[in-house]
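> coords below, sequence missing:
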């Protein structure tokens with residue numbers, strides 16, 4: 001069994017948190033939030049919605065629109081006999097192919113509009129076809145040109161002593177062979193609290209990081225939050241994190257030197273994904289192959305028990321079990 005699997009077996013695990021796993025919901029840690037009571041559909045949202053579709057759904061939508069348009073105009077031609085010259089009588093397939101040729105403005109010359117009505121329907125189809133082609137072309141360009149990153153986050157976060165100070169750590173890595181310039185990171189802790197008035201309140205705490213900026217993000221980055229008395233994690237145990245519904249949210253942004261544009265990535269961790277008394281496996285080899293050192297992303301998510309205190313956080317009382 002791998003180190004990663006041994007560590008994961010030490011505590012019950014929930015599925016890895018994902019953002020936007022379900023359409024219409026926002027996932028943060030183990031919480032899924034659905035917006036209700038908002039305004040209705042706005043046509044201006046259609047562009048944004050199409051940009052957020054996955055590629056298979058996007059092409060399925062384009063294919064369905066193409067098929068619907070051709071069948072709609074084919075039915076219009078078929079409804080009035082003689083609309084398409086040289087089409088076989090009562091042949092719906094012929095008018096479908098004529099509709100395809102008209103929408104694409106191909107015009108092979110064998111079949112053509114056979115009446116004023118046919119010319120009017122063909123003109124409307126050509127106009128609509130030009131609009132659809134322009135819209136799909138624009139959407140394709142926007143989807144391909146949209147800057148994206150391949151920033152990888154570790155599956156888990158750990159709390160372990162670092163230079164004698166209990167520290168929250170997580171890993172980020174750049175999976176592309178390029179640079180992210182002037183990268184910055186922000187981390188927040190979200191937890192439920194009860195006010196003096198007895199109201200349940202969700203609070204966000206910005207975490208102070210050991211280093212929140214780097215001039216060049218090329219390989220990997222261990223993001224660290226020292227847990228001192230000013231930290232919202234001071235004196236907390238694993239059970240406290242569960243009871244408070246804690247979620248750790250992390251966001252990295254910077255300038256991609258290839259795209260010459262701003263890119264960002266984010267990840268969230270539920271309490272089940274924060275391991276006490278563990279540290280990350282080393283992924284940078286000490287051995288050199290020629291003049292090349294090895295950065296092993298196969299160990300990127302591996303965590304190892306370090307034998308430190310059960311909590312690793314001063315002031316915390318270990319819960320049995």
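Arrived safely. In this text the structure is predicted, and so the values were computed from the model without any measurement.
> and residue 93, helix, strand or coil?
Under DSSP: H, G, I helix; E, B strand; the rest coil, residue 93 falls in the helix class.
> quick one: it from residue 87, how far?
For residue 93, the distance to residue 87 equals 9 Å [Cβ to Cβ, to the nearest Å]. Just so you know, the C-beta spots here come from the backbone N, C-alpha and C atoms, and that holds for glycine as well.
> now swap in residue 219 and tell me
For residue 219, the distance to residue 87 (Cβ to Cβ) stands at 64 Å.
> which one of the two has more residues nearby?
Counted by other Cβ atoms under 10 Å, residue 219 and residue 87 do not tie: residue 87 has more neighbours, with 23 against 12.
> Quick check, pLDDT for the closest residue in space to the more buried one that isn't next to it in sequence.
Take residue 87 and drop its neighbours on the chain: the residue closest to it by Cβ to Cβ, 6 or more residues apart in numbering is residue 94, 4.1 Å away. Residue 94 is assigned a predicted lDDT (pLDDT) of 94.
> now swap in residue 252 and tell me
96.
> Give me the secondary structure label for it.
Residue 252 carries the three-state label strand when classified by three-state DSSP.
> Around it, how many other residues sit close by?
Residue 252 has 25 nearby residues by other Cβ under 10 Å.
> Count the neighbours of the closest residue to it other than its chain neighbours for me.
Distances taken as Cβ to Cβ, 6+ apart place residue 185 nearest to residue 252, at 4.8 Å, with adjacent residues excluded. By other Cβ under 10 Å, 21 other residues sit near residue 185.
> Could you pull out the strands in the stretch 101-250 of the chain for me?
112-113, 151-153, 157-162, 165-174, 180-194, 200-206, 213-217, 220-226, 247-256 (DSSP state E, counting those that start in this stretch).
> between the third one and strand 220-226, how big is the angle?
For strand 157-162 against strand 220-226, the angle between stretch directions is 70 degrees (axes from the mean of the first three to the mean of the last three Cα atoms, to 10 degrees).
> Show me what counts as buried in strand 157-162.
Buried residues in strand 157-162, counted by 16 or more other Cβ atoms under 10 Å: 157, 158, 159, 160, 161, 162.
> With respect to residue 190, which of the residues you listed is nearest?
Nearest to residue 190 out of the buried residues of strand 157-162 is residue 157 (Cβ to Cβ; 13.6 Å).
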